[in-house]
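Novice: sequence first, predicted model second:
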Amino acid sequence: MNEKQHIGQLFDRIAGTYDGLNHMLSLNIDRRWRMKTVALMAPAKHVLDVAIGTADLTIEMLRRGKAEQVTGLDLSLHMMEIGEQKCERAGYDVNFVLGNAQQMPFEDNTFDAVTCAYGCRNFADLDAGLKEMYRVLKPGGQIVILEFSYPNNRYIRALYDFYFTHLMPLIGRLVSRDKKAYTYLNRSVKSFCWGEAFVQHLHDIGFVNESFITLTFGITTIYTANK
Ligand SMILES: C[S@@+](CC[C@H](N)C(=O)[O-])C[C@H]1O[C@@H](n2cnc3c(N)ncnc32)[C@H](O)[C@@H]1O
């Protein structure tokens, strides 16, 4: 998909309004989704937070003592600049690395855990990103992924469709002043795999102990597995 080749530029453009819009569009529930994700993490020494963005997941895992040290990887410099300022304000020393999740600049078996919140569906090649996560994870290490999914209940689906197709692109456009970003978000969520289908990708790559839990009527899902 062509727009995924330019995903770094898209997030660079909306970086300044990203956090505020996230909390507004999710009615602040996104904070709880990240808290739940971190609650499912086993404590780890060195964590790689893939698609770290503005570092909300990283800050939560450091605050909860789930990580001693965090390296964050992202394609968007502006998202990471905001993340870096937030980490500094919170007193956390995080290593931010500019790079592509599908071709990571890290050695094999480097990290004790790998996390990724709302990053995977942006990869041009999902399996390439998951394979890289597997490669850089130490044997036995944990992967924890938070991603949007599609609710099963048809009434919730109808609400979800209306929200993602009409309301969110409109509010996103007005606040971020970017015409494309929030319609991209809608398309990227709808065309992405979730639940068992996502677990199958993890399985095929070689992860074990795969499991997932859905949150808030299934509009978002947390996946965990080990190498
Ligand atoms: C929706 S934001 C999520 C940011 C953060 N993890 C959070 O929970 O708020 C998606 C992030 O993924 C990054 N991203 C997308 N594709 C990427 C790739 N192939 N490699 C590295 N980062 C990527 C974007 O630049 C953006 O910062």
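Specialist: Received it, and whenever you're ready, just let me know what you need. Residues are numbered from 1 along each chain as shown.

Novice: which ones are touching Ala117?
Specialist: By C-beta atoms under 8 Å, 6 or more residues apart in numbering, the residues touching Ala117 are 34, 37, 49, 51, 53, 56-57, 145-147. Heads up, the C-betas are built off the backbone N, CA and C, glycines and all.

Novice: also within reach of the ligand: list those from these.
Specialist: Restricting the contacts of Ala117 to those within reach of the ligand (C-beta under 6 Å from any ligand atom) leaves 51, 53, 56-57.

Novice: what residues does this structure have near the ligand?
Specialist: The chain comes close to the ligand at residues 7-8, 11, 51-54, 56-57, 73-76, 79, 100-102, 117-119, 122-123, as judged by C-beta under 6 Å from any ligand atom.

Novice: can you give me the distance of the closest residue to the ligand within the chain to Glu84?
Specialist: Nearest residue of the chain to the ligand: Gly53, at 2.4 Å (C-beta to the nearest ligand atom). Distance from Gly53 to Glu84, counting by C-beta to C-beta, to the nearest Å: 11 Å.

Novice: which one's more surrounded, these two?
Specialist: For Gly53 versus Glu84, neighbours defined as other C-beta atoms under 10 Å are more numerous around Gly53 (25 against 18).

Novice: quick check: the more buried one touching Met79?
Specialist: Yes - applying C-beta atoms under 8 Å as the test, Gly53 and Met79 come out as touching, 4.5 Å apart.

Novice: spit out the residues that contact the two alike.
Specialist: In contact with both Gly53 and Met79: 11, 18, using C-beta under 8 Å, 6+ apart.

Novice: all helices of this structure, in order?
Specialist: Counting by DSSP state H, the chain has these helices, from start to end: 2-5, 7-25, 29-39, 56-63, 77-90, 126-136, 154-162, 168-176, 181-190, 196-205.
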